[in-house]
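1. With the sequence up front, the predicted model follows.
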Amino acid sequence: MTAHIDVLPTLCELAGVALPGEALVEGRSLVPLLRDKHAPWPARSLYTHVGRWERGQAAQNKWANCRVRRDQWSLVNVQNRETGWELYDIASDPGETRNVSADHSQIVAQLSGDYDAWWQRLQPDLVNENLDGPAENPFQTEFQRQTGQKETASAGKRKKKAEAATAAKLPPPTLADVPYGLHPKQVLHFWKAADATAEHPSPLLFFIHGGGWNAGDRNSVGELLPALLAQGISVVSIEYRFIGEAIAAGIDPPVKAPLFDAARALQMVRSRAAEWHIDPTRVIASGASAGACSSLWLAFHDDMADPTSTDPVARQSTRLLAAAVTIAQTTLDPAQMLEWTPNSRYGGHAFGFFRDPNERDSQFAEFLAARDRLLPVINLYSPYALVTADDPPVQLVYRRPPALGQPEKDPTHTANFGVKLQERLAAVGVPCELVYPGAPNVRHTNVAEYVVDTLQGK
C-alpha cells in the first residue's frame with residue numbers, strides 16, 4: 001500500500017538529495033518497488049484528516065473526518081468523537097457499505113490506538129495555530145480576477161466582515177505572543193501604557209477572554225483596550241488551553257487547565273513587573289463569561305505563590321486588587337445553578353462531561369447526577385465556594401435584570417449569578433458592585449469606568 005506521502009522521499013532518493021535530519025517525513029521511498037515489484041514492503045498504517053478547524057480548536061477536532069488505512073482495513077470517523085469509529089473491509093467491500101466494527105473490535109482498538117499516537121506526534125508541529133490568516137482567501141481572490149467572476153453573496157458578506165474586523169483592529173501590542181508556559185496556547189499579548197516608566201510604573205488590567213473555556217481568543221479585549229491605555233493603564237490579554245485540550249492531555253478536572261493557566265500567566269507577568277514598568281500591587285482581572293469566572297476564581301482563591309520554590313515565577317503572588325467582570329458564572333455547582341435558575345445547563349464540560357464542542361452543555365443531567373460525588377472537587381474551582389472575608393472587591397455586570405427562581409432566556413449568563421454572589425460577599429463584608437438594567441446603587445455603569453476609578457484610587 002502506497003500513498004501521496006511517498007512522493008517526496010521517492011523523488012529525493014532518485015535525485016540523490018538527502019532529507020534534512022529534523023524533517024518529519026512519514027512516507028517511504030518507492031524506489032525499491034520501482035526496481036523490483038517483489039521487494040519487501042512491510043505493512044503500515046496511513047492516516048488522513050480533514051485538516052481544517054477554527055483557530056485554537058485542534059483538540060476539539062481530533063476525530064474530524066479522519067481515516068486510518070492498514071492492509072484491507074479502513075477505519076473511518078465522520079462523527080468527530082472518540083467512539084465514532086466505523087470499520088470497513090475494503091477487500092470484500094470496496095464501496096465501504098458495511099460497517100464491521102462490532103465484529104472486529106480488536107482491529108478497531110489497534111488502529112484507533114495507532115491514530116491516537118499519530119495525532120499526538122503532530123502536536124509540536126502545529127506552529128500556525130495562533131497566527132492570524134489573511135482577511136480574504138488569496139486563492140479565491142486570484143481565481144475571481146482571472147475568470148472575471150463577481151464575488152458571491154456569501155463572499156461579499158465575508159469580505160464586509162473582514163473589513164469590519166480590520167477597521168476595529170487592535171493597536172499592535174508592545175510585546176506579542178509572550179510565552180508563560182510550554183504549550184502553544186500558553187501565550188499572551190502585552191500593551192504598555194505610553195507614560196509608564198521605572199519611576200512611575202502603570203497599573204495593569206489582566207484580561208481573560210470568554211468562550212466557555214472552549215472558544216474565543218485574546219482579541220476580545222478590544223473594547224476595553226483603547227480606553228484603558230488612554231488612562232495610563234497597561235493591559236495583558238492571555239490565551240489558555242481549552243477544555244478539549246485538557247481532556248486530550250488527561251487533566252482532571254479539565255477546568256484546571258484554563259484556570260491554572262490564568263494563575264501562571266499572572267505570576268509570569270508579575271515576574272516581569274520591573275522590566276515592563278507595571279505596578280504589581282495594582283492589578284485587576286477582567287473577562288466575560290468563562291473569562292469572568294476565571295477572573296473571580298483568581299480573586300477568591302488563596303494566594304498560589306510558593307515562596308520556597310526555585311522557580312522565580314512560582315514565587316509570585318496571584319492575588320488581585322479587584323476583579324471587574326461581565327456576564328460571569330459565579331458557581332459551578334449544578335444544584336446551586338438549578339436553585340437559582342431552573343433551566344440551567346452549564347458547567348458539566350468543566351468536569352469532563354463533554355461529548356463534542358458543538359454540544360457543550362448536552363450532559364448537564366449526567367453532571368447533576370454526579371454532583372454529590374464531585375462536590376469536593378467542584379468547590380475547588382467554583383468562585384462562590386471560595387469566598388472569604390479577605391477577598392478583593394468585585395464588579396459584576398449583566399445585560400438583563402435578574403429573575404431568581406424563574407427560567408431564563410440565557411441561563412448561562414443570567415444576573416441571578418450576580419445576585420447570589422453579591423449576597424455571599426455581603427455576608428463576609430466584601431464590597432460588590434452589581435450592575436444590570438435597573439439595578440440600585442450603581443456607581444460605575446461599565447467595566448472600564450470601574451477599572452479606571454479603582455486603579456486610580458478614586
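-> Ah, there it is.

2. Return the distance of the closest residue to Pro407 other than its chain neighbours relative to Leu368.
-> Leaving aside its chain neighbours, Pro407 sits nearest to Asn343 (4.2 Å; criterion: Cβ to Cβ, 6 or more residues apart in numbering). Using the backbone N, CA and C atoms, a C-beta is placed for each residue, glycine as well. Between Asn343 and Leu368 the computed distance is 13 Å (Cβ to Cβ, to the nearest Å).

3. and if you look at Phe353?
-> Counting by Cβ to Cβ, the separation of Phe353 from Leu368 is 9 Å.

4. Could you do Pro173 as well?
-> 42 Å.

5. try Pro307
-> 40 Å.

6. If you count surrounding residues, which of Asn343 and Leu368 has more?
-> Higher neighbour count among Asn343 and Leu368: Leu368, with 19 against 14, using other Cβ atoms under 10 Å.

7. Now that one: which helix or strand?
-> For Leu368, the host element (DSSP states H and E) is helix 364-369.

8. contacts for that helix?
-> Defining contact as Cβ atoms under 8 Å, 6 or more residues apart in numbering, one finds that helix 364-369 is touched by 334-335, 338, 344-348, 351, 353.

9. and if you look at stretch 187-195?
-> Applying Cβ under 8 Å, 6+ apart, the contact partners of stretch 187-195 are 130, 171, 173-180, 202, 218, 225, 229, 232-239, 265, 268-269, 276-278.

10. From these, which land in helices?
-> Of the contacts of stretch 187-195, the ones assigned to helices by DSSP state H are 225, 229, 265, 268-269, 276.

11. Among those, which has the minimum pLDDT value?
-> The lowest pLDDT within these belongs to Leu225, with 93.

12. longest strand anywhere in the protein?
-> When the chain is parsed with DSSP state E, its longest strand is strand 278-288.

13. re the thing from before, mind listing what's buried in the helix holding Leu368?
-> Residues of helix 364-369 classed as buried: 364, 367-368 (neighbour count, 16 or more other Cβ atoms under 10 Å).

14. mind listing the strands for this structure?
-> Using DSSP E, the strands of the chain run over 46-48, 66-70, 73-77, 85-89, 175-179, 187-191, 202-208, 234-238, 278-288, 322-326, 394-397, 432-435.

15. Make JSON lines out of the ones you listed and add distance to Arg35, mean neighbour count and mean pLDDT.
-> Formatted as JSON lines, these follow (distance: least, Cβ to Cβ, whole Å; neighbours: other Cβ atoms under 10 Å; pLDDT from 0 to 100):
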{"stretch": "strand 46-48", "distance to Arg35": "22", "mean neighbour count": "18", "mean pLDDT": "93"}
{"stretch": "strand 66-70", "distance to Arg35": "25", "mean neighbour count": "20", "mean pLDDT": "94"}
{"stretch": "strand 73-77", "distance to Arg35": "28", "mean neighbour count": "21", "mean pLDDT": "95"}
{"stretch": "strand 85-89", "distance to Arg35": "31", "mean neighbour count": "20", "mean pLDDT": "95"}
{"stretch": "strand 175-179", "distance to Arg35": "48", "mean neighbour count": "14", "mean pLDDT": "95"}
{"stretch": "strand 187-191", "distance to Arg35": "49", "mean neighbour count": "22", "mean pLDDT": "96"}
{"stretch": "strand 202-208", "distance to Arg35": "59", "mean neighbour count": "27", "mean pLDDT": "98"}
{"stretch": "strand 234-238", "distance to Arg35": "55", "mean neighbour count": "28", "mean pLDDT": "97"}
{"stretch": "strand 278-288", "distance to Arg35": "62", "mean neighbour count": "24", "mean pLDDT": "97"}
{"stretch": "strand 322-326", "distance to Arg35": "67", "mean neighbour count": "28", "mean pLDDT": "97"}
{"stretch": "strand 394-397", "distance to Arg35": "72", "mean neighbour count": "28", "mean pLDDT": "97"}
{"stretch": "strand 432-435", "distance to Arg35": "76", "mean neighbour count": "20", "mean pLDDT": "97"}
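
16. quick one: low-confidence ranges for the stretch 151-300 of the chain?
-> 151-168 (pLDDT under 70).

17. Domains of the protein: list them as residue ranges, please.
-> If you go by automatic domain parsing, the domain ranges for the chain are 1-42, 43-125, 163-455.

18. Tell me which residues touch Ala290, please.
-> If you count contacts by Cβ under 8 Å, 6+ apart, Ala290 has them with 210-214, 216, 258, 329.

19. Max pairwise distance over these: which two?
-> Gly216 and Gln329 (14.5 Å; Cβ to Cβ).

20. Pick out whichever of these two has more residues nearby.
-> Using other Cβ under 10 Å, the more surrounded residue of Gly216 and Gln329 is Gln329, with 28 against 22.

21. Looking at this protein, which helix is longest?
-> Longest helix in the chain, counting by DSSP H: helix 105-122.

22. now the angle from that one to strand 66-70?
-> Relative orientation of helix 105-122 and strand 66-70, computed by axes from the mean of the first three to the mean of the last three Cα atoms, to 10 degrees: 120 degrees.

23. For helix 105-122, name the packing helices and strands.
-> If you count contacts as 3 or more Cβ pairs under 8 Å, 6 or more residues apart in numbering; DSSP states H and E, helix 105-122 packs onto strand 46-48, strand 66-70, strand 73-77, strand 85-89.

24. what packs against the last one?
-> Which is strand 85-89. strand 73-77, helix 105-122.

25. and Val108, how far is that from Asn77?
-> Distance from Val108 to Asn77, by Cβ to Cβ: 11 Å.

26. re the thing from before, strand partners of the longest strand of the chain, parallel vs antiparallel please.
-> With DSSP bridges as the test, strand 278-288 is paired with strand 202-208 (parallel), strand 322-326 (parallel).

27. want to throw those into TSV with distance to Lys420?
-> As requested, these are exported to TSV (distance: least, Cβ to Cβ, whole Å):
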stretch	distance to Lys420
strand 202-208	22
strand 322-326	15
